[in-house]
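Asker: Coordinates only, no sequence provided:
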């Protein structure tokens, strides 16, 4: 009798497993060793499964190819091993789409990058055919060594709600908070050959599995977070010590730099933005600079800004020694339409001191939102970032800094910008600039 009961239990488990309901809750889409349930979009790369390994081969074609799932996925945890045979660009698409009315059906959506170049942005999050780079791996430089060229690399992608996280070989790489797409297909891209040497190079994937039920997020870590939801403070950011300086609805926490309450003119809160308004040359409409109520010694400051053509403004810090509005300035400006804003007056520069090294493709033109970042450490080492790229660094108070000051318009100020603590200042420079998602983490 005992043997019969044991046999029935064993048969039940076997039936349960082969019905597609895996005991461990993972699904294995390529377990049938064929491409049933998948289709190729956009290009003509060759895809085949050999001994359980999906292989994509680069061909002489002018379009990137994508092997995509016919099924859409929303929240999931995905794991797959990936190997490059020859240097070629690839990745893993997720929550992606292809619509005839958008770019004639080109695939668009999130992609965990595979980057074999010296840039080493593998595991970063790129948005194919839309916003492009959402998380360059410069934001997490320790992860640049995670991907090993020519070897099998384990990729893990977690999409749970608005949180998107990636790992390579168990090393955390990227963390994005975004609500642009909540579902879409999984895709395996093979880029077209840009030269004859690239023809025949291959991307291989194996051990692909995906879980869509009973998902549990991985523990929080210290990886820098890019939050693309306006004025949103995620739980992960709170755990890292960030707080909002602008709530998206009120001017709470801000006052006039000249003292007193928040200016009654020249500023407005509208559609989730804190905006300084162009006064058209009428100084009676000028509101003046504003500052945060709280002061900071050292900090990481995140902020989004949107310029109108020819606009000029800035974020200032280390103010107070030489006046309430005199200090170090992260330049917010449209140099293309304003010839006075050249050299060290360009976007993200340290105003009148250090020119920001930027790339045009990483700058959103007036009307588009840019992500600014200032890292001001307790040892005075300071960095300016723009859209995920570090554009300058310096050490406040060292000999190089002093030499720069001596040749600037600040040369006449004693002990310029050496205040122990100061508020964050947003400049009113007589032109319209919008700010949102202003967040700060104290490093005291």
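Answerer: Received it, and whenever you're ready, just let me know what you need. Since the structure is predicted, the reported quantities are computational estimates derived from the model, not experimental observations.
Asker: how near is the closest residue to residue 142 other than its chain neighbours to residue 148?
Answerer: Of all residues not flanking residue 142 in the chain, residue 171 sits nearest, at 7.8 Å (C-beta to C-beta, 6 or more residues apart in numbering). The way it works is simple: take the backbone N, C-alpha and C, and place the C-beta from them, glycine included. Applying C-beta to C-beta, to the nearest Å, the value for residue 171 to residue 148 is 11 Å.
Asker: now residue 91
Answerer: From residue 91 to residue 148 the distance is 16 Å (C-beta to C-beta).
Asker: These two: who's more crowded?
Answerer: Taking other C-beta atoms under 10 Å, residue 91 and residue 148 do not tie; residue 91 has more neighbours (26 against 13).
Asker: And the more buried one, how far from residue 344?
Answerer: Taken as C-beta to C-beta, the span from residue 91 to residue 344 is 37 Å.
Asker: do residue 135 as well
Answerer: Residue 135 is 28 Å from residue 344, by C-beta to C-beta.
Asker: which of the two has more neighbours?
Answerer: Neighbour totals were compared for residue 135 and residue 344, and residue 135 leads with 30 against 17 (other C-beta under 10 Å).
Asker: Just to check, that one is in contact with residue 172?
Answerer: No: using C-beta atoms under 8 Å, residue 135 makes no contact with residue 172, being 11.6 Å away.
Asker: Need the distance between the two termini of stretch 279-292.
Answerer: 23 Å (C-alpha to C-alpha, to the nearest Å).
Asker: chain center to that stretch, what's the gap?
Answerer: Chain-centre distance of stretch 279-292: 33 Å, with C-alpha atoms, centre = their mean, to the nearest Å.
Asker: Just to be sure, residue 305 is in a strand?
Answerer: Yes: counting by DSSP: H, G, I helix; E, B strand; the rest coil, residue 305 is located in a strand.
Asker: tell me which residues form a beta bridge with it?
Answerer: residue 370, residue 435 (DSSP bridges).
Asker: Does the closest residue to residue 276 other than its chain neighbours belong to a helix, a strand or coil?
Answerer: Nearest residue to residue 276, sequence neighbours excluded (C-beta to C-beta, 6+ apart): residue 428, at 4.8 Å. With three-state DSSP as the basis, residue 428 sits in coil.
Asker: Hmm, residue 428 is touching residue 274, no?
Answerer: No: counting by C-beta under 8 Å, residue 428 stays clear of residue 274, with 11.7 Å between them.
Asker: So for those two, which residues contact both of them?
Answerer: Residues touching both residue 428 and residue 274 (C-beta atoms under 8 Å, 6 or more residues apart in numbering): residue 267.
Asker: Flag the shaky bits of the chain, pLDDT-wise.
Answerer: 1-23, 335-342 (pLDDT under 70).
Asker: Walk me through the domains of it.
Answerer: Under the assignment automatic domain parsing, the domains of the chain span 24-211, 230-442.
Asker: Now distance to residue 223 too, for these, in CSV please.
Answerer: Compiled in CSV, the domains of the chain are given as follows (distance: least, C-beta to C-beta, whole Å):
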stretch, distance to residue 223
domain 24-211, 5
domain 230-442, 9
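Asker: Can you say which of those domains is nearest to residue 224?
Answerer: domain 24-211 (4.6 Å; C-beta to C-beta).
Asker: Show me how far the closest one is from its chain's centre.
Answerer: 17 Å.
Asker: Would you mind measuring the gap between the ends of it?
Answerer: The straight-line separation of the ends of domain 24-211 (C-alpha to C-alpha) is 9 Å.
Asker: Next: stretch 313-321.
Answerer: End to end - C-alpha to C-alpha - stretch 313-321 spans 21 Å.
Asker: Grab the nearest non-local neighbour of residue 362.
Answerer: Distance criterion C-beta to C-beta, 6+ apart; nearest residue to residue 362, sequence neighbours excluded, is residue 387 at 4.8 Å.
Asker: quick one, what contacts the one you found?
Answerer: Residue 387 neighbours (C-beta under 8 Å, 6+ apart): 133, 362-364, 370-371.
Asker: Same check on residue 303?
Answerer: By C-beta under 8 Å, 6+ apart, residue 303 lies in contact with 315, 371-373, 435-439.
Asker: any chance of those residues in JSON lines, with distance to residue 262 and neighbour count too?
Answerer: What follows is the contacts of residue 303, written out as JSON lines (distance: C-beta to C-beta, whole Å; neighbours: other C-beta atoms under 10 Å):
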{"residue": "315", "distance to residue 262": "17", "neighbour count": "22"}
{"residue": "371", "distance to residue 262": "25", "neighbour count": "19"}
{"residue": "372", "distance to residue 262": "22", "neighbour count": "23"}
{"residue": "373", "distance to residue 262": "25", "neighbour count": "23"}
{"residue": "435", "distance to residue 262": "14", "neighbour count": "21"}
{"residue": "436", "distance to residue 262": "17", "neighbour count": "19"}
{"residue": "437", "distance to residue 262": "19", "neighbour count": "24"}
{"residue": "438", "distance to residue 262": "15", "neighbour count": "24"}
{"residue": "439", "distance to residue 262": "19", "neighbour count": "21"}
